[in-house]
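1. pasted the sequence and its predicted model underneath.
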Amino acid sequence: MKITVKCFSHIKYALGKNKIIINLEAGADTADLEQEIRGLAEGKLDGIKFVTALNQHYIKIPVELQEGDEVAFIPPVQGG
Amino acid sequence: MKITVKCFSHIKYALGKNKIIINLEAGADTADLEQEIRGLAEGKLDGIKFVTALNQHYIKIPVELQEGDEVAFIPPVQGG
Amino acid sequence: MIIAEIVEGPISPFPENNSRRNQGAELVFKGRVRSRENGKLIQGLDYEHYASMASTELENLARKTVNKYPISDLFCRHRVGEVPVGAASLIVVIWSKHRREGFDAMAFFIAELKQHVPIWKWAIFPDGSRIPSESKHC
Amino acid sequence: MIIAEIVEGPISPFPENNSRRNQGAELVFKGRVRSRENGKLIQGLDYEHYASMASTELENLARKTVNKYPISDLFCRHRVGEVPVGAASLIVVIWSKHRREGFDAMAFFIAELKQHVPIWKWAIFPDGSRIPSESKHC
């Protein structure tokens, strides 16, 4: 299944992309996806904690993904 | 000696004047003057506490007056 | 920098300033006249002040606030005379590096102003009569 | 009433309003860009946001704040894109009957915004390069 990952801040900087489409096996959850993303960044995201947003809502525990989901791993926000 | 008393708020309302000149005997202090003013108001200032300003500075204890002094008995202030 | 003024007539706002390089927080408070004093409808308040003493006390308080908190600027104007319902009687602007010290300084300045600066409110009723306001500082 | 907007380009201030009859306190906060990020000189910040989610989170937070505190109105604009040093990235206006609830609501709103609304700062250096800001929310 195809999952869209929106990239911001450190993730965008590490991967050089605004958005990535990741192909995952059925049954994968948001925690699996985070590991994929951290892998792609080759250590550049070590030490940075993310909050996860699934389809633009924060989630607190890993959630199983569905085809077409949009996920963002949110580095510490800095508005204001 | 002549003392100028500036009247504000409840005192102005009670006495109908912005300013009063009071004649006091030498040696009188600000507490004596406050009694004079309360007397002139015939009870209308009962229950209202004043802070005293002598020549435009707050004082915390009674101070002996001098000819020409300017005194104000300051009802609770309400700026803002 | 400090500005602390007693003014008659509508309060002019302090101008917008986008040229400061080290102040991340600008906090503005406007105190406005409400339509009721102690539950009674009014058409405005008449702010009476002990002219020269009120100016001095306001300036001293502004200086004290700038010394007590790590803020860079405090600008204040207090209006006296008649102020209609809805209009501002007070404006205070505080510039600081971070917001927290600005908030603390603002709270301190306003609380002290309401305790020490010799200014009083007279309620103006719809028939034009006026009496000293019974409101406590709050 | 609530206004909560993400805007590009300079923030328009909310208009002066002298017609309110029951709000004695108007509190305005402007957050501005300082000339240094982590000690290094910058020429500005580039505020990145998660477009639709940031708007929703900002609106939800505004509503939560108005429900939590006895305030009558909260108006907020957050600027995104490049913001030069000295310019405002954020303006928040809170109207309330008394000042205390306005102060509390303002402190809460800004603290929550800095924790939950998906907006990030990129430092723009004098040579035009940019990196994600290392600054923690504060």
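-> Done, it's in.
2. and A:L33, that's in a helix?
-> Yes: assessed by DSSP: H, G, I helix; E, B strand; the rest coil, A:L33 belongs to a helix.
3. parallel or antiparallel, which strands does the one helix or strand A:I3 maps to pair with?
-> Assigned by DSSP states H and E, A:I3 belongs to strand A:2-6. Sheet pairing of strand A:2-6 (DSSP bridges) gives strand A:19-23 (antiparallel), strand A:70-74 (parallel).
4. contacts for it?
-> Strand A:2-6 is contacted from outside by A:18-24, A:33, A:37, A:65, A:67-73, D:50, using CB atoms under 8 Å, 6 or more residues apart in numbering or on different chains. Where C-beta positions appear, they are placed from N, C-alpha and C, glycine not excepted.
5. buried ones in that strand?
-> When burial is assessed from 16 or more other CB atoms under 10 Å in any protein chain shown, strand A:2-6 yields the following buried residues: A:3, A:5-6.
6. export that strand to CSV, keeping only CA atoms.
-> C-alpha atoms of strand A:2-6 as CSV (Å, rounded to 0.1, in the frame of the first residue of the first chain):
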residue,chain,number,x,y,z
LYS,A,2,1.1,3.5,-0.7
ILE,A,3,1.5,6.0,2.1
THR,A,4,2.2,9.7,1.6
VAL,A,5,4.7,11.1,4.1
LYS,A,6,4.8,14.9,4.4
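7. which one among the buried residues of strand A:2-6 gets closest to D:P10?
-> Taking CB to CB as the measure, D:P10 sits nearest to A:K6 out of the buried residues of strand A:2-6, at 26.9 Å.
8. tell me how far that closest one lies from chain C.
-> Distance, A:K6 to chain C, using CB to the nearest CB, to the nearest Å: 28 Å.
9. show me the beta-bridge partners of that residue.
-> Going by DSSP bridges, A:K6 forms beta bridges with A:K19, A:A72.
10. in JSON lines: the strands paired with strand A:2-6, plus mean neighbour count.
-> As requested, the strands paired with strand A:2-6 are exported to JSON lines (neighbours: other CB atoms under 10 Å in any protein chain shown):
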{"stretch": "strand A:19-23", "mean neighbour count": "12"}
{"stretch": "strand A:70-74", "mean neighbour count": "21"}
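11. with just CA atoms, put stretch C:76-95 into PDB.
-> Output in PDB follows, covering the C-alpha atoms of stretch C:76-95 (Å, rounded to 0.1, in the frame of the first residue of the first chain):
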ATOM      1  CA  CYS C  76       2.200  54.500  28.800                       C
ATOM      2  CA  ARG C  77      -0.500  57.000  28.300                       C
ATOM      3  CA  HIS C  78      -3.400  57.500  30.800                       C
ATOM      4  CA  ARG C  79      -6.300  59.600  29.600                       C
ATOM      5  CA  VAL C  80      -8.000  62.000  32.000                       C
ATOM      6  CA  GLY C  81     -11.200  64.000  31.700                       C
ATOM      7  CA  GLU C  82     -14.400  62.400  30.200                       C
ATOM      8  CA  VAL C  83     -13.900  59.100  28.500                       C
ATOM      9  CA  PRO C  84     -17.000  57.600  26.800                       C
ATOM     10  CA  VAL C  85     -18.000  53.900  27.100                       C
ATOM     11  CA  GLY C  86     -15.800  51.800  24.800                       C
ATOM     12  CA  ALA C  87     -12.900  54.200  24.600                       C
ATOM     13  CA  ALA C  88      -9.500  53.500  26.100                       C
ATOM     14  CA  SER C  89      -8.500  55.200  29.300                       C
ATOM     15  CA  LEU C  90      -5.100  53.600  29.400                       C
ATOM     16  CA  ILE C  91      -2.600  52.200  27.000                       C
ATOM     17  CA  VAL C  92       0.600  50.400  28.100                       C
ATOM     18  CA  VAL C  93       3.200  49.000  25.600                       C
ATOM     19  CA  ILE C  94       6.100  46.800  26.800                       C
ATOM     20  CA  TRP C  95       8.900  45.600  24.600                       C
END
